[in-house]
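Trainee: No sequence on hand, only this structure:
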């Protein structure tokens, strides 16, 4: 779920077969709109931040972040890797473009000089390179009408490059007297000599060769972050949340405007900015800063949400429904969301006015509890997300919440180093478990609802008697206790999850399957590992699942144990 929108531009395309390609985290996604299915290219080793499409409409190039960031060229129909390019960039590959004949690929990096490289990608060889600009470059591409012309643009500049053999020379864009020098976020082309640029001010600039000849003012009420060409003209997207279709004369095309700000069910958690647009016949693909992908209909001007995800901050709260094929997430973007596993989509979203940090379902699935970064615990009706109650007994981050199996109590662990026990019926605090020397990380109830085990940031595993709210300092007496869940990352049944050389912070979460046969762990290396449960031997064997490119914060089994859900 989701799309890479926070720091990437012009990274969504229609394939020749009508599928849509884009990226999220370290995965390139090939999405089929007619049946809401996805296929995945998973050869990258870190976040994908750039993407472009070959003229054949099937071959894709994707660039990532990293010390020596990779560019991978691959086929969308087969997901087959064709070439890996590296060694020429530092930090990240921020923009990519194929030549009109598809034999060359141009890329720009995140090094101090924003180096531009032209590749013979089939032979995985550098043809030539040049220093791009001292300021950031947002966009680079070949002119699709001219094999020798490349245009790069960014902070207060645009450059027009001529490729001749191994020579790459540029001319700066001349802005005056027609317009003012300003930041260029996006470019597209109308002919071998005409480039259209989207500006910070919301104007479109039309360049003949390298000279600004026309300013089309106020196309957007804010920066024009996205531009692309199509058969009937160009399409633009701005920070104002609007998509506009324009003819080749840069005037409105049939007065078609797609307005995301009027789309009442959309996620406004992170902003309106449109990061990428593509016009394909009667359809327009739109991707936003709020991690959404829409498809617009040119005829009806209707918008359909294809996929969405959390946007802004991290997502630590995750809980799978105890009986139904759905799960809930709580994120630092200030939203709580419900997702359908079978329908593969978000079904509900609610803003909570704070960063969400933890989530838990009651055992009957009727109540959803959510913890926040400022110490609050909110109870929602699980079907509607209408708030039922809240508690504000803590000021620090809530890190874990669990309902007791008998349906009477809720245990809440916080960064105040305490575990609070609440009555479900009254939602009044009944007692406090005190004894940890650092913030609570995880907790579990016993099956009989009489005991709790918990871990903290100081790597302590403590046990508690709920009756009396006291620490049980004789844990050997609890060796036969059956635990309702296994989310504590320390203890006898999870000894084997820790890799050699681990410093204790590498594993963020574990969960036991409902059958009790399997254990899943989520770590800082972007990996989910599946073990047999219990796993007690050092370096126990596991099956590894990948897809995340940074730390995995949480993990859960679906109610039937057929699926694993991760943040």
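Mentor: Nice, I can see it. As the structure is a prediction and not an experimental result, all values here were calculated from the model. Numbers count the residues shown, from 1 in each chain.
Trainee: Angles on the backbone of the closest residue to residue 516 other than its chain neighbours, please.
Mentor: Excluding its sequence neighbours, the residue lying closest to residue 516 (C-beta to C-beta, 6 or more residues apart in numbering) is residue 533, at 6.2 Å. All C-beta atoms are positioned from the backbone trio N, CA, C, and that covers glycine. Phi and psi for residue 533, reported as degrees, to the nearest 10, are phi -110, psi 140.
Trainee: Report the separation between the nearest residue to residue 48 once chain neighbours are set aside and residue 30.
Mentor: Here the nearest residue to residue 48 in space, its sequence neighbours aside, is residue 23; by C-beta to C-beta, 6+ apart that works out to 4.0 Å. Computed as C-beta to C-beta, to the nearest Å, the residue 23 to residue 30 distance reads 10 Å.
Trainee: if you count what's nearby, which of the two comes out ahead?
Mentor: Under the criterion of other C-beta atoms under 10 Å, the comparison of residue 23 against residue 30 puts residue 23 first, with 25 against 19.
Trainee: immediately after the host helix or strand of that one, which helix or strand?
Mentor: Using DSSP states H and E, the secondary-structure element containing residue 23 is strand 20-24. As assigned by DSSP H and E, the chain's next helix or strand after strand 20-24 is strand 27-32.
Trainee: Output the contacting helices and strands for that following strand.
Mentor: If you count contacts as 3 or more C-beta pairs under 8 Å, 6 or more residues apart in numbering; DSSP states H and E, strand 27-32 packs onto strand 20-24, strand 37-41, strand 48-53.
Trainee: one more time with 7 Å
Mentor: For strand 27-32, the helices and strands in contact under the criterion 3 or more C-beta pairs under 7 Å, 6 or more residues apart in numbering; DSSP states H and E are strand 20-24, strand 37-41.
Trainee: Give me the sheet partners of it and which way each runs.
Mentor: According to DSSP bridges, strand 27-32 has the following sheet partners: strand 20-24 (antiparallel), strand 37-41 (antiparallel).
Trainee: Give me whichever of these is most buried.
Mentor: Stretch with highest mean neighbour count among those: strand 20-24 (a mean of 24; mean count of other C-beta atoms under 10 Å).
Trainee: what mean pLDDT does that one have?
Mentor: Across strand 20-24, pLDDT averages out at 97.
Trainee: Run the chain-centre distance for it.
Mentor: Using C-alpha atoms, centre = their mean, to the nearest Å, the mean C-alpha position of strand 20-24 is found 11 Å from that of the whole chain.
Trainee: picking that back up, the strands paired with strand 27-32: which one's closest to residue 468?
Mentor: Residue 468 lies closest to strand 20-24 among the strands paired with strand 27-32, at 47.9 Å (C-beta to C-beta).
Trainee: Next, count neighbours for the closest residue to residue 273 other than its chain neighbours.
Mentor: What sits nearest to residue 273 in space, not counting adjacent residues and going by C-beta to C-beta, 6+ apart, is residue 289, at 3.9 Å. Residue 289 has 21 neighbouring residues, counting by other C-beta under 10 Å.
Trainee: Same question for residue 381.
Mentor: For residue 381, using other C-beta under 10 Å, the count is 12.
Trainee: quick one on the thing from earlier: mind putting the helices and strands packed on strand 27-32 into JSON lines with distance to residue 9?
Mentor: Converted to JSON lines, the helices and strands packed on strand 27-32 look like this (distance: least, C-beta to C-beta, whole Å):
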{"stretch": "strand 20-24", "distance to residue 9": "12"}
{"stretch": "strand 37-41", "distance to residue 9": "20"}
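Trainee: Nearest to residue 469, out of these?
Mentor: Among these, the nearest to residue 469 by C-beta to C-beta is strand 20-24 (43.5 Å).
Trainee: Residue 353: neighbour count?
Mentor: Other residues near residue 353 number 10, with proximity taken as other C-beta under 10 Å.
Trainee: Then residue 483?
Mentor: 19.
Trainee: what about it, distance to residue 507?
Mentor: Taking C-beta to C-beta, one finds residue 483 at 18 Å from residue 507.
Trainee: Same check on residue 256?
Mentor: From residue 256 over to residue 507 the distance is 51 Å, taken as C-beta to C-beta.
Trainee: who's more crowded, those two?
Mentor: Neighbour comparison, residue 256 and residue 507: the larger count goes to residue 507, with 22 against 18 (by other C-beta under 10 Å).
Trainee: I figured the more buried one was touching residue 527, is that so?
Mentor: No - Residue 507 lies out of contact with residue 527 (C-beta atoms under 7 Å); the separation is 9.9 Å.
Trainee: Sheet partners, orientation included, of the worst-scoring helix or strand of the chain on mean pLDDT?
Mentor: Lowest mean confidence among the helices and strands of the chain (mean pLDDT, DSSP states H and E): strand 252-259, at a mean of 87. Applying DSSP bridges, strand 252-259 is found paired with strand 242-246 (antiparallel).
Trainee: Residues touching the partner strand, excluding its own?
Mentor: If you take C-beta atoms under 7 Å, 6 or more residues apart in numbering as the criterion, strand 242-246 is touched by 219-220, 233-237, 252-253, 256-259, 274, 277, 279, 284, 286, 296, 298.
Trainee: Same check on stretch 190-210?
Mentor: For stretch 190-210, the surrounding residues in contact (C-beta under 7 Å, 6+ apart) are 143, 145-146, 151, 153, 158, 160, 171-174, 179, 182-189, 212-225, 227, 234, 236, 238, 248, 250.
Trainee: and the residue found closest to residue 384 once you drop the neighbours it is linked to in the chain, bridged to which residues?
Mentor: Spatially, and ignoring its direct neighbours in sequence, residue 384 is nearest to residue 348 (7.8 Å; C-beta to C-beta, 6+ apart). Per DSSP bridges, the residues bridged to residue 348 are residue 338.
Trainee: I figured residue 348 was touching residue 385, is that so?
Mentor: Yes - the criterion here is C-beta under 7 Å, and residue 348 meets it with residue 385 at 5.3 Å.
Trainee: which stretches of this protein have low pLDDT?
Mentor: Scanning the chain for pLDDT under 70 picks out the ranges 263-271.
Trainee: Please repeat the previous calculation with a cut-off of 80.
Mentor: Filtered on pLDDT under 80, the chain yields the residue ranges 261-272, 312, 501, 503-504, 549.
Trainee: The contacts of stretch 190-210 in strands, which ones?
Mentor: Secondary structure defined by DSSP state E assigns 151, 153, 158, 160, 171-172, 184-189, 212-216, 224-225, 227, 234, 236, 238 of these to strands.
Trainee: ok, of these, which come out buried?
Mentor: Buried members of the ones in strands among the contacts of stretch 190-210, scored by 16 or more other C-beta atoms under 10 Å, are 151, 153, 158, 160, 184-189, 212, 214-216, 224-225, 227, 234, 236, 238.
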